[in-house]
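Build me a model:
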Amino acid sequence: MFIDLLIKIKNAQAAGKKPLKVRYSKMNLAIAELLCAHGFLKKAEVKGKSFKKIIEVDCDVKSPIRGIKFLSKPSVRRYGGYRAMKPVKHGHGIIILSTPKGIMTGEMARRGKVGGELLCEIW
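Reported below is the predicted structural model:
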């Protein structure tokens, strides 16, 4: 689950660990790539073959994740349209959502005019 990925990254950045290995899934890889694109991580790459795949994440301690707010939970799912995507922490954070076009940020969803399940806010 993506929650485990985000918590591991946040804790590793707080402890000053650079390389981090997390379980591979398409959702985890998409979220890690979004975090790389927005400067929260240096790089994320897939290692291994077949069922032994892992994602090796290189944490960036210069711009760490300061906070995470999980919006959807397994018991309560939250959905939003593209018009409802507001800036997080006055533009210093991102909102991640799952759409029919894949995992994307709130800004990408506004530009693509697509809504979906609100996963989390990161700042």
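
Show me the helices in the chain, by range?
Along the chain, the stretches classed as helices by DSSP state H are 2-15, 26-37, 106-112.

is it possible to export the ones you listed to a markdown table including mean neighbour count, mean pLDDT and distance to Phe70?
Heads up, the C-betas are built off the backbone N, CA and C, glycines and all. Listed next are these as a markdown table, based on neighbours: other CB atoms under 10 Å; pLDDT from 0 to 100; distance: least, CB to CB, whole Å:
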| stretch | mean neighbour count | mean pLDDT | distance to Phe70 |
| --- | --- | --- | --- |
| helix 2-15 | 17 | 94 | 6 |
| helix 26-37 | 18 | 96 | 12 |
| helix 106-112 | 17 | 96 | 15 |
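
a markdown table for those helices, including distance to Glu56?
Shown next, in a markdown table, are those (distance: least, CB to CB, whole Å):
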| stretch | distance to Glu56 |
| --- | --- |
| helix 2-15 | 12 |
| helix 26-37 | 10 |
| helix 106-112 | 25 |
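
Tell me which of the ones you listed sits nearest to Trp123.
Of all those, helix 2-15 sits nearest to Trp123, with 11.1 Å by CB to CB.

list the helices and strands that closest one packs on?
Other elements packing on helix 2-15 under the criterion 3 or more CB pairs under 8 Å, 6 or more residues apart in numbering; DSSP states H and E are strand 19-23, helix 26-37, strand 54-59, strand 68-70, strand 116-122.

which residues touch the second one?
Contacts with helix 26-37, where a contact means CB atoms under 8 Å, 6 or more residues apart in numbering, come from 2, 5-6, 9, 22, 41-44, 46, 55, 57, 65, 94, 96, 98, 102-105, 119, 122.
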